[in-house]
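> using only what follows, build the 3D model:
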Amino acid sequence: MINSTQVSYFTLGAYFDIGTFEYVSFVVIMSLYMLIVLANLLLIVVICRNRSLHEPMYLFLCSLCVSELYGSTGLFPLLLVQILSDVHTVPAPLCFLQIFCVYSYANVEFCNLAVMSYDRYLAICFPLQYNTLMTSDKVAVLIALTWLYPFLAITVLISLSASLTLCGNIINKVYCNNYSIVKLACFNTTVNNMYGMAYTFATICVVIFILYTYTKILQVCFCGSKQTRQKAVSTCTPHLASLLNFSFGAFFEIVSSRFDMKHVPYMCRVFLSLYWLTCQPLFNPVLYGLNLTKIRILCKSLIFGKM
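Prediction:
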């Protein structure tokens, strides 16, 4: 029996020997990480530098880009170290820190998408009252809640997991995972499971709220003019695509953690477990950069100089 306070390290059991391909994998993942950092930093700089973009929609987008940088930094550095390492162990404090970063990132992502959908809902369904309903103070409060709520929720989650008495230290993942640690517990984990269910239910409620706002937006689009429909499509398509992409990855991660997925090829399981943490941070800046005309023009101006 190993008490969690005595566990000095966890072993990531999902890695396997890929020989010389480890260097290729390292270069590919390092390149992906650099692309993510550069793409998100570009959008953040463009939005911060241009006063014409200091509007709620772009400020929420800036918050989304910051969360992508935060989540990527919580995953990639440790992942790159593990790829080149022969012994895939992680110190317990660092493992819990990674869990905090990854899980809080996921919540911040959903909360960001929720406030962005709410902003579009007000802009399209209540265009005349929009400036009154979405004030600068309200924007600041929404962004603060987007970050504070996930941090508090995950702090409680980590505290419950860190206090467990463990009977092992092998995590069958390529990164630290909270549910994998809970499964190592020797005794009753009812409190952890109840809090985990409440945490999952709260996340589902956020997703339902997002879908509700888009349902209302679609109702307005079908009843409105051609110009209204075009505005809705141009501004809402990136948000909806981002939500579907992230929800798919998060859903598979939850399913693979809780159910037997041995019938799925091993490499496919590893790829899909990393999908929501690697593709979403690159997907968002590319998607918004290409779809939002203002962002696209200003990005070109910043990179190639004013035309």
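> ok, Phe60 - contacts?
Asn112, Val115, Met116, Asp119, Val139, Leu142, Ile143 (C-beta atoms under 8 Å, 6 or more residues apart in numbering). Heads up, the C-betas are built off the backbone N, CA and C, glycines and all.
> find the nearest non-adjacent residue to the most centrally placed residue in the chain, please.
Central residue of the chain (C-alpha atoms, centre = their mean): Ala106, 3.8 Å from the mean position. Distances taken as C-beta to C-beta, 6 or more residues apart in numbering place Ala250 nearest to Ala106, at 6.2 Å, with adjacent residues excluded.
> my read: Thr189 touches Val182, true?
Yes: if you go by C-beta atoms under 8 Å, Thr189 and Val182 touch, sitting 5.4 Å apart.
> quickly list what's touching both of these two.
Leu164.
> do a quick rundown of the helices in the stretch 201-307 of the chain.
Using DSSP state H, counting those that start in this stretch, the helices of the stretch 201-307 of the chain run over 226-258, 266-278, 280-291, 293-304.
> pLDDT on stretch 186-193, on average?
In this model, stretch 186-193 carries a mean pLDDT of 84.
> ok, and what's touching that stretch?
Contacts of stretch 186-193 (C-beta under 8 Å, 6+ apart): Met1, Leu160, Ser161, Leu164, Thr165, Leu166, Cys167, Val182, Ala185.
> all helices for the stretch 51-200 of the chain, in order.
56-84, 92-125, 130-133, 136-162, 178-182, 190-223.
> relative to Ala162, how far out is Thr155?
11 Å (C-beta to C-beta, to the nearest Å).
> pull the number of nearby residues for the nearest residue to Tyr149 once chain neighbours are set aside.
Excluding its sequence neighbours, the residue lying closest to Tyr149 (C-beta to C-beta, 6+ apart) is Cys111, at 6.5 Å. Neighbour count for Cys111, taken as other C-beta atoms under 10 Å: 23.
> Cys111 contacts Thr146, correct?
Yes: between Cys111 and Thr146 there is a contact under C-beta under 8 Å: 4.2 Å.
> can you list the helices of the stretch 51-200 of the chain in a markdown table and add distance to Cys236?
Output for the helices of the stretch 51-200 of the chain, formatted as a markdown table (distance: least, C-beta to C-beta, whole Å):
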| stretch | distance to Cys236 |
| --- | --- |
| helix 56-84 | 11 |
| helix 92-125 | 5 |
| helix 130-133 | 15 |
| helix 136-162 | 18 |
| helix 178-182 | 33 |
| helix 190-223 | 6 |
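> minimum distance to Leu287: which of these has it?
helix 56-84 (10.5 Å; C-beta to C-beta).
> buried sites along that closest one?
56-76, 78-79, 82-83 (16 or more other C-beta atoms under 10 Å).
> do the same with stretch 29-45
Of all the residues in stretch 29-45, those buried under the rule 16+ other C-beta under 10 Å are Ile29, Leu32, Tyr33, Ile36, Val37, Ala39, Asn40, Leu42, Leu43, Ile44.
> CSV for these, including distance to Cys176?
Shown next, in CSV, are those (distance: C-beta to C-beta, whole Å):
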residue, distance to Cys176
Ile29, 17
Leu32, 20
Tyr33, 18
Ile36, 20
Val37, 22
Ala39, 26
Asn40, 23
Leu42, 30
Leu43, 29
Ile44, 27
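> of those residues, which belong to strands?
Among these, no member falls in strands (DSSP state E).
> save the residues you listed as CSV, and put in distance to Thr11 and pLDDT too.
Output for these, formatted as CSV (distance: C-beta to C-beta, whole Å; pLDDT from 0 to 100):
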residue, distance to Thr11, pLDDT
Ile29, 21, 90
Leu32, 25, 92
Tyr33, 24, 93
Ile36, 27, 92
Val37, 29, 93
Ala39, 33, 89
Asn40, 32, 91
Leu42, 38, 87
Leu43, 38, 88
Ile44, 37, 90
